[in-house]
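Asks: sequence unknown, structure follows:
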Ligand code: C2E
Ligand code: MG
Ligand code: MG
């Protein structure tokens, strides 16, 4: 028993010491747990990213706590129970209660420990669940966002593809097209030229300064200001598109013509942000245009401006507002007898003469004055800033001094003269048309008089001209209304006194003015071309009359018909004569054609050929008014003529002027030697007749025998002996 007590004592001692020794450990554990619990109350502790759940450790900890407390309970409760001297029955009961207590205590402990861990897990799970919900909604949002992004991405892809196609298209267009691209980023002050354009001008990429000034530096100095003005004007206009044509300098120093087109963008503040556009090389087009211009506006032979250009410049001069303070003079010049040069020396010589005159004009008429070739042998000069008529006349005379210099060609010397009309602007007119018309009238007046002179336009000329125009209109109507009649004047054989021929002379029976002389209207008919129907009527009427006389048994006299120079150069005239003679069955040698020397001279070659053909038919040809024109004796030989009609001017003074009679005598002698018949026109006196008879003149015509008379009148005269 003593041994049991000592053992119990030792156990008791050991337990006591163990308890004493475990107390600080227990305190430490307690404080650790307290600390730990405080820390672990915050659920965030468990949700730290570095927090790890260690199931082994956690289980071990619970088991350890349970084990320790179980051991302590067994050791301490039994020891305590042993110390109390209790009956077996009490002991047994207390031991039973102790067992129940132990179970209760450990159950509570396990409950608390499990509760604590599960609570943590629950809170963690809740937190995780909450976070999960947040995450789910965030995920949903993300999905929507993703969808949106995908949509935007798709759109972006479409746009990017479209952009790439458009860029490709643009690149192809720029490379393929004959143009360069320019882009002026005004806000960033950058001027861009596409490489192709730089290449066009012969520059390397870096050789052109990519600034506005870099572009300006390439412009032609003459156009710089205007180009800048135009682009500014466009920017300020704030609408439409920009277009200009100018020259740009190439690297080699030459210039290329450029068509520049573009469009600008203006920002909200109304300021221009950028302008971009294209440059097209139009140099070739411009050169062709210039070539065409020179063809259209310049005379190919002389290089002088032509009528079109002259009229254009004249219009500008008239419209020039600064001209109000000064006047200018228009000089209209026509070379006298230019046709003779062409006819006698040939067209090449004619061209040389025109060039010679043009050279003088180019030399003597410098800006601001101008000279032009208006047509054929017509030139015009404008002297600007003229003080008065005297000043104008002075300038014309100075110019004529140079123009009248003898001209040498084919070893011959020619003296050139001009008929010149002068008009002053604004005194004589203020339109191109008016000025040219007035100048032409003045020139025509000089031409009609003595030529080789100049005259200023006068109002009377206009009135005369109006009268002339009125007359032409009346003449036109007269042809339609057949207001003409043929008169006949007998031509007498100066030996027998018999009527050998009758000259048909046209008369215009004007409804108001009565009989109008052919001297008045024939030149007009020639001028207007009315001579063709009129001449045809004369020819037909005269031949029909001849036929009628023949049919009615009148003597077979010759019919002499005047034919205009215009008609004897026409091929159709031959057929016309042939046809009529055939139709009417008239003897050809009883028909005579009268042509004047001046008329034949208009186109000597053509008229000679045609007259020859007519002569070959047997028709007689007479050279009318001989002595009034050039009276070139060589023509007497060259022209296919049968007779010469000595102009009445010679006959008029034949008695008074001894020289005149000598000339007449010589002509008669010469024509006889050339086997030509001679007819003296305008015999009015017996003295004249006697003289002509003495000089063996074959035929005569004049008032002495008869004035021109209507057909009935001639019928009476045909049987009369006139000498
Ligand atoms: P011409 O052929 O020399 O005709 C002669 C002109 O002299 C006629 O004038 C005639 O009346 C005029 N005359 C004749 N004898 C005398 C005279 O003794 N004294 C004066 N002072 N004059 C005389 P007319 O009929 O006035 O004709 C003038 C000119 O008109 C003609 O000159 C002729 O060149 C032209 N002419 C007349 N009829 C025609 C025609 O049918 N066709 C063409 N192309 N010309 C015509
Ligand atoms: Mg005649
Ligand atoms: Mg005559």
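Replies: Arrived safely, thanks for sending. Worth saying up front: this structure is predicted, and the values here are computed from it rather than measured. Residues are numbered from 1 along each chain as shown. Ligands and ions are numbered 1, 2, ... in the order given.
Asks: Excluding residues flanking it in the chain, which one is nearest the residue of the stretch 101-250 of the chain found nearest ligand 1?
Replies: The nearest approach of the stretch 101-250 of the chain to ligand 1 comes at residue 245, 58.3 Å away (Cβ to the nearest ligand atom). (Each C-beta comes from the backbone N, C-alpha and C, glycine too.) With Cβ to Cβ, 6 or more residues apart in numbering as the criterion, residue 245 has its nearest non-adjacent residue at 5.4 Å, and that residue is residue 259.
Asks: could you point out which element follows the helix or strand hosting that neighbour?
Replies: In this assignment (DSSP states H and E), residue 259 forms part of strand 255-266. Sequence-wise, the next helix or strand downstream of strand 255-266 (DSSP H and E) is strand 272-281.
Asks: Residue 221 versus the residue nearest the centre of the chain, what's the distance?
Replies: By Cα atoms, centre = their mean, the chain has its centre lying nearest to residue 289, at 8.0 Å. According to Cβ to Cβ, to the nearest Å, residue 289 stands 22 Å off from residue 221.
Asks: neighbours around the residue in the stretch 1-150 of the chain positioned nearest to ligand 3, how many?
Replies: Using Cβ to the ion, the single residue of the stretch 1-150 of the chain nearest to ligand 3 is residue 150, 112.6 Å away. Neighbourhood size, residue 150 [other Cβ atoms under 10 Å]: 10.
Asks: Just want the angle from the helix or strand harbouring it to strand 272-281.
Replies: For residue 150, the host element (DSSP H and E) is helix 88-176. Angle, helix 88-176 to strand 272-281, by axes from the mean of the first three to the mean of the last three Cα atoms, to 10 degrees: 40 degrees.
Asks: Next one: residue 95, what pLDDT does it get?
Replies: The score at residue 95 is 79. That number is its pLDDT.
Asks: give me every residue that touches the closest residue to it other than its chain neighbours.
Replies: Ranked by Cβ to Cβ, 6+ apart and with sequence neighbours excluded, the top spatial neighbour of residue 95 is residue 81, at 6.7 Å. Each residue near residue 81 by Cβ atoms under 8 Å, 6 or more residues apart in numbering is listed here: 91, 94, 95, 98.
Asks: Next, format those as a markdown table and append distance to ligand 2 and neighbour count.
Replies: Putting the contacts of residue 81 into a markdown table (distance: Cβ to the ion, whole Å; neighbours: other Cβ atoms under 10 Å) gives the following:
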| residue | distance to ligand 2 | neighbour count |
| --- | --- | --- |
| 91 | 194 | 15 |
| 94 | 189 | 16 |
| 95 | 188 | 15 |
| 98 | 184 | 18 |
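Asks: So, low pLDDT: which residues of the stretch 501-650 of the chain?
Replies: Scanning the stretch 501-650 of the chain for pLDDT under 70 picks out 629-632.
Asks: How about the residues of it by ligand 2?
Replies: 562, 594, 624 (Cβ under 5 Å from the ion).
Asks: Domain ranges for the protein, per the record?
Replies: 2-151, 180-288, 298-457, 482-717 (automatic domain parsing).
Asks: and of those, who's closest to residue 471?
Replies: Nearest to residue 471, of all the domains of the chain, is domain 482-717, at 6.1 Å by Cβ to Cβ.
Asks: end-to-end on that closest one?
Replies: From its first residue to its last, domain 482-717 covers 27 Å (Cα to Cα, to the nearest Å).
Asks: all numbers from here: first residue = 891
Replies: Got it, the first residue is 891 from now on, which makes the last one we talked about domain 1372-1607.
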